[in-house]
Each structure stands twice: as C-alpha cells, then as structure tokens.
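K.L.:
Sharing a model that was predicted from the sequence below.
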Amino acid sequence: MEKTTIQEILDYFKLTENHSGASTGIKWEPGEGSIIVSKSPINSQLLGSVHSCTESQYEKLAEQALLAFGHWRGLPAPKRGEIIRQIGLGLRESKEMLGRLVSHEMGKPLQEGLGEVQEMIDICDFAVGLSRQLYGKTMPSERPQHQIMEQWHPLGPVGIISAFNFPVAVWSWNAMIAWVCGNVCIWKPSEKTPLSAIACQKIIAKILKENKLPEGISSLIIGDKTLGERLAKDKRIPLISATGSTKMGKAVAQHIGERLGKCILELGGNNAIVISNKANLDLAIRAAVFGAVGTAGQRCTSTRRLIIQRDVVEEVKERLKGAYAQLKVGDPLDENNHIGPLIDQEAAKQFESAIQKIKELGGREVIAGSILEGEGYESGCYVHPGVYELDPSAEIMKEETFAPLLYLIPYETLEEAIALHNNVPQGLSSAIMTQDVSEAHLFLSAIGSDCGIANVNIGTSGAEIGGAFGGEKETGGGRESGSDSWKAYMRRQTNTINFGQTLPLAQGIKFDL
Ligand code: UN1
C-alpha cells in the first residue's frame with residue numbers, strides 16, 4: 001500500500017493552497033484569477049486550489065515569451081540541449097514524487113504514473129541527441145557556381161494545450177522538442193490536473209534559475225477553455241500543439257486557421273485490433289485487455305474495437321471473460337489494482353449512457369460495464385469495464401467514448417476486416433495480431449490500416465517516444481515526439497548562394513541589359 005502520503009508530495013513540490021496558475025518560468029504571478037480546485041478522483045479528496053491566469057497576466061506572459069525567444073533562439077542548439085539534459089536529470093530525481101502526484105490527481109495506476117514520467121525522461125534524452133542533429137539538406141543547383149541548402153530555424157513562442165489523461169508526458173514531448181529547436185513554450189494544461197503541471201514547472205524553474213536563463217522560456221498558464229481560445233487566437237504564437245478531443249481540436253484549428261498559424265493536433269482515437277485466426281491468442285488477449293482497460297480506457301490510443309476472425313470469435317470471447325474476471329478495480333496507488341477511477345463523475349455518467357445506448361441499439365452484452373458502488377468506490381468515478389457485441393454501422397461505435405468500453409465485431413476475410421477497421425472518422429492507432437507474414441504486411445500496406453500508427457502483434461497503446469506519434473482523419477494529422485516530428489516546430493529556409501561573378505537565371509531565362 002501507499003507509503004508516501006499525499007501531504008508529503010504536496011510539500012515536496014511546495015504546492016500551497018491557492019497557488020498561482022501563471023508563471024513565466026521561475027517567477028509566479030500573484031494569485032488574482034478565479035479559483036480552480038483539484039480533487040482526486042480516487043476518493044474526492046481536495047488536493048489543492050489554483051488561481052487561474054487572468055487576461056492581463058496572459059498579456060504580460062506573452063510579451064515576456066517574445067522577449068525570451070530573442071535570447072533563447074540565439075543560443076547554439078547543443079547548448080539548449082544541455083539545458084534539456086539537466087531537465088532530464090531533474091525529472092529522474094523527482095520521478096517517484098511526480099509519478100505519485102499524477103496518480104493522485106488523475107487517478108491512473110502508480111505504474112502508469114511512473115511510466116508517464118519515464119516517458120518524459122526518454123524524450124529529454126531524445127531531444128539532447130537531436131540538438132546536434134537538426135539537419136538540413138544540400139542540393140545541386142542547375143546554375144554554375146551556385147549552391148542550394150536548407151536550414152531549419154525556430155518559430156517563436158509555441159502554445160501547448162494538453163489533456164488530463166497524460167497530464168505531464170504529452171506536454172514534455174512538445175516542450176523538449178520545441179525548446180531544442182529554439183522556441184519558447186507557453187503551456188496550458190488541463191484544468192482537471194493543474195497541480196501536476198505546477199510540479200513540472202517547479203522542476204524546470206530550478207534548472208532555468210541555475211543556468212541564469214531569463215523569464216519567458218517556459219510559461220505556464222492555468223485556466224479554462226477561454227484561456228485556450230485566447231492562446232489559439234494569438235497572432236504572436238506561430239504554432240499551437242493541442243491534444244484533446246476532436247471537438248476541442250476543431251475549435252482550436254478554426255482559430256488558428258483564421259490567422260494562418262500552424263498547428264499540431266493530436267485528437268480522438270477509435271483504435272482497433274484485428275485478431276486473425278492465425279494469431280497467437282495469448283498475445284492477442286493480453287494486448288486487447290491492456291489496450292481496453294489500461295488508464296481506465298482514457299488514452300487516445302486505448303483499444304475500443306476488436307475485429308475478430310469468425311473462427312476464433314467464441315474462443316476470444318471466452319478468454320476475454322476469463323481475463324476481465326481477474327481485473328481489480330480500485331485505489332490506483334495500490335499496486336494490486338489494475339484499474340483506477342475515471343477522471344470524474346461526469347466521465348462515469350458518459351460511460352453509463354453509452355452502455356444504455358448500446359443496449360437500445362440491440363447490442364449484446366459480453367461483459368457488463370457498470371458504475372461501481374460501495375466501499376472504496378465512494379467518489380463515484382470507478383467503473384467495471386464492459387465488452388459488447390454491436391453492429392458496426394451503429395453511430396456510437398464511430399464515436400470515442402473515453403472510458404473502458406470494448407466492441408467486438410466478427411469478420412470473414414482480411415479485406416473485410418480492413419474495411420471495417422477503417423470505417424470510423426478517427427485514425428490514430430491500430431494493430432493486427434497474426435503470425436502470418438502476408439496478413440501482417442497487407443495490414444501495414446497502403447491498402448491496409450489508414451492510421452498514423454499501425455502495429456503487428458502488439459496492442460494499440462503504449463507507443464515509445466522514438467517514433468512519430470499522431471494520426472489521420474479526425475485525429476488531426478499532427479505528429480509529435482520522435483522521428484522527424486521536430487520539423488513541425490521549425491521553419492524551413494531554402495538558401496541559394498551564388499559564389500561566382502555572373503548572374504545566370506534558373507530555367508534558362510535570359511535577361512540581358
Ligand atoms: C495520449 O493518450 O494522449 O502510446 C497519449 C501511448 C502513450 C501516449 C498516449 N505513450 O499510449
């Protein structure tokens with residue numbers, strides 16, 4: 001059971017009552033805005049309260065960020081990498097405390113809270129390496145004594161809007177890469193997890209201070225939707241990276257579109273695993289169960305649909321029943337439990353009404369989903385995950401219910417499975433479970449999965465930071481984290497250099513005076 005108390009964690013991060021929700025990096029603005037409370041979904045305990053960032057504080061912060069950009073972009077990229085290296089060390093030092101805070105505030109199992117901080121450490125390491133690898137290309141010119149090359153330059157202040165389900169890791173994917181690229185960051189975390197964000201800001205502040213860096217490199221603004229809108233509409237912010245629901249992303253994209261800004265969107269998923277009759281079912285069941293119930297089904301990568309070859313449908317159903325019967329729902333800080341609470345009662349109600357709708361649509365219950373009551377479940381946020389068979393044309397199956405709900409869909413041929421798989425508006429993550437190499441490659445091919453992530457013999461969630469992360473269609477098209485995602489945080493400049501003493505024109509055009 002829990003050894004470190006929540007009070008010890010709050011003390012460690014100096015999370016005092018009515019903490020300021022606006023910071024330029026090291027300093028905190030005076031608490032002036034309305035109060036946002038942080039309540040743990042584990043037991044409804046009040047963890048703390050935060051002043052939201054006011055409009056005038058936002059103005060001040062945005063100006064400070066612009067000033068800081070002038071300094072930060074002038075540092076050599078490997079010097080910026082050195083700061084990120086120190087942040088990685090800071091995170092290593094605070095891993096246990098931050099992981100626990102995330103579990104308390106968001107409700108995810110401690111293992112996942114610690115995993116989230118590990119993901120932050122990993123992206124720091126990646127960003128440090130990247131700081132010496134912001135490569136541009138050179139290309140031959142068609143003109144004599146000319147050289148063409150590309151350079152990558154920073155954009156300016158980058159706005160980061162993050163969601164409650166990954167209160168700290170997704171911010172770090174964006175911030176570490178954005179910083180190494182020479183940008184400064186303004187972070188608006190979810191107002192459901194403000195304390196985890198403040199704790200991160202404090203870890204960063206120490207390093208900024210030790211390195212005598214100016215205010216404005218790492219700004220934090222805590223507030224509601226209006227503050228997010230303010231950021232999205234702000235012409236001084238060339239790039240917004242937003243994670244959250246498709247509804248939120250569409251609103252943000254409109255504001256950014258109006259001012260022709262850039263955006264990276266990582267929105268809803270409706271991820272499926274195709275289970276072939278040639279699958280190793282031991283792997284398939286483990287992947288499906290972790291994908292469906294991990295983080296209580298509140299990952300954008302959570303498995304929401306299983307598309308199962310008819311020959312193995314019955315066996316998969318039976319094995320799922322066996323696996324679900326072993327699941328323990330309860331206090332996420334107790335390592336015996338697999339599933340913690342949903343983020344709030346509202347989420348539990350949405351889960352319940354989705355089940356109601358499934359039943360009205362003639363869905364068949366394989367494992368009953370329900371809101372749990374009784375001892376340990378008093379917060380009203382705990383649910384038992386559900387599994388249902390439903391006709392795939394049902395509208396509800398095309399929507400992302402952010403809870404542990406799994407749909408089973410039978411198929412005959414792999415072509416049919418792929419068609420069913422792709423027939424949803426979202427396109428984040430996908431997987432096929434098969435030992436057949438032809439099936440695996442078909443799924444990964446251009447006529448296979450239409451998602452940004454497509455896996456073989458592993459589930460839909462739990463991606464590593466080294467790959468580019470994001471998806472297509474209503475998932476928004478953005479890519480974050482590894483591979484060459486960094487390019488979205490920079491502007492490309494094409495340089496043509498004439499080292500001769502004549503001025504030949506391209507395309508053979510003659511213009512003699
Ligand atoms: C999210 O849910 O927004 O791949 C991110 C995963 C995690 C990240 C999920 N590494 O499941």
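P.N.:
Arrived safely, thanks for sending.

K.L.:
Please report the distance of the closest residue to the ligand within the stretch 301-450 of the chain from residue 287.
P.N.:
Nearest residue of the stretch 301-450 of the chain to the ligand: residue 301, at 3.8 Å (Cβ to the nearest ligand atom). For glycine as for every other residue, the C-beta is placed from the backbone atoms N, C-alpha and C. In this structure, residue 301 and residue 287 are 12 Å apart, going by Cβ to Cβ, to the nearest Å.

K.L.:
ok, now residue 156?
P.N.:
From residue 156 to residue 287 the distance is 41 Å (Cβ to Cβ).

K.L.:
The two: which is more packed in?
P.N.:
residue 287 (24 against 17; other Cβ atoms under 10 Å).

K.L.:
pretty sure the more buried one is in contact with residue 273, am I right?
P.N.:
Yes. Taking Cβ atoms under 8 Å as the definition, residue 287 is a contact partner of residue 273 at 6.3 Å.

K.L.:
Quickly list what's touching both of those two.
P.N.:
A shared contact of residue 287 and residue 273, defined by Cβ atoms under 8 Å, 6 or more residues apart in numbering, is any residue touching both; here these are 303, 431, 433, 459.

K.L.:
Out of those residues, grab the one that's most surrounded.
P.N.:
Counting neighbours by other Cβ under 10 Å, residue 433 leads the shared contacts of residue 287 and residue 273 with 31 neighbours.

K.L.:
May I have the helix or strand hosting residue 160 exported as CSV, CA atoms only?
P.N.:
Under the criterion DSSP states H and E, the helix or strand holding residue 160 is strand 157-161. As requested, C-alpha coordinates have been extracted for strand 157-161 and formatted as CSV (Å, rounded to 0.1, in the frame of the first residue of the first chain):
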residue,chain,number,x,y,z
PRO,A,157,6.6,31.0,-28.8
VAL,A,158,4.9,27.7,-29.1
GLY,A,159,1.5,27.2,-27.4
ILE,A,160,1.0,23.7,-25.9
ILE,A,161,-2.5,22.7,-24.9
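
K.L.:
Domains of the chain: list them as residue ranges, please.
P.N.:
Following automatic domain parsing, one finds the domains of the chain at 6-267+476-493, 271-465.

K.L.:
which parts of this structure sit against the ligand?
P.N.:
When proximity is defined as Cβ under 6 Å from any ligand atom, the chain approaches the ligand at 119, 165, 166, 170, 243, 299, 300, 301, 461, 462, 463.

K.L.:
Quick check: closest non-adjacent residue to the second one.
P.N.:
Spelled out, it's residue 165. Beyond its immediate neighbours in the sequence, the residue positioned closest to residue 165 (Cβ to Cβ, 6 or more residues apart in numbering) is residue 298, lying 4.6 Å away.

K.L.:
Any idea how many residues pack against the one you found?
P.N.:
Other residues near residue 298 come to 22 when the count uses other Cβ under 10 Å.

K.L.:
taking the residues of the chain next to the ligand one by one, which sit in strands?
P.N.:
With strands taken from DSSP state E, the overlap with the residues of the chain next to the ligand comprises residue 243.

K.L.:
Which one (most neighbours) among the residues of the chain next to the ligand?
P.N.:
Of all the residues of the chain next to the ligand, residue 300 has the most neighbours under the rule other Cβ under 10 Å, reaching 29 neighbours.

K.L.:
Would you mind giving me the confidence score for the residue minimising distance to the centre of the chain?
P.N.:
Taking Cα atoms, centre = their mean, the centroid of the chain lies closest to residue 170, which sits 4.2 Å from it. Per-residue pLDDT puts residue 170 at 98.

K.L.:
State whether it and residue 478 are indeed in contact, as I suppose.
P.N.:
No. In this structure, residue 170 sits apart from residue 478 without contact. The criterion is Cβ under 8 Å, and the distance is 11.5 Å.

K.L.:
Quick one: classify residue 449 as helix, strand or coil.
P.N.:
In the three-state summary, residue 449 is assigned as coil, counting by DSSP: H, G, I helix; E, B strand; the rest coil.

K.L.:
which SSE is the spatially closest residue to it that is not a sequence neighbour in?
P.N.:
Excluding the flanking residues, the one nearest residue 449 by Cβ to Cβ, 6+ apart is residue 430, at 4.2 Å. Here residue 430 is covered by strand 429-433, with elements defined by DSSP H and E.

K.L.:
which helices and strands does that strand pack with?
P.N.:
If you count contacts as 3 or more Cβ pairs under 8 Å, 6 or more residues apart in numbering; DSSP states H and E, strand 429-433 packs onto strand 271-275, helix 281-293, helix 437-444, strand 453-456.

K.L.:
Run me through the strand neighbours of the first one, direction for each.
P.N.:
Taking DSSP bridges as the criterion, strand 271-275 sits next to strand 303-309 (parallel), strand 429-433 (parallel) in its sheet.
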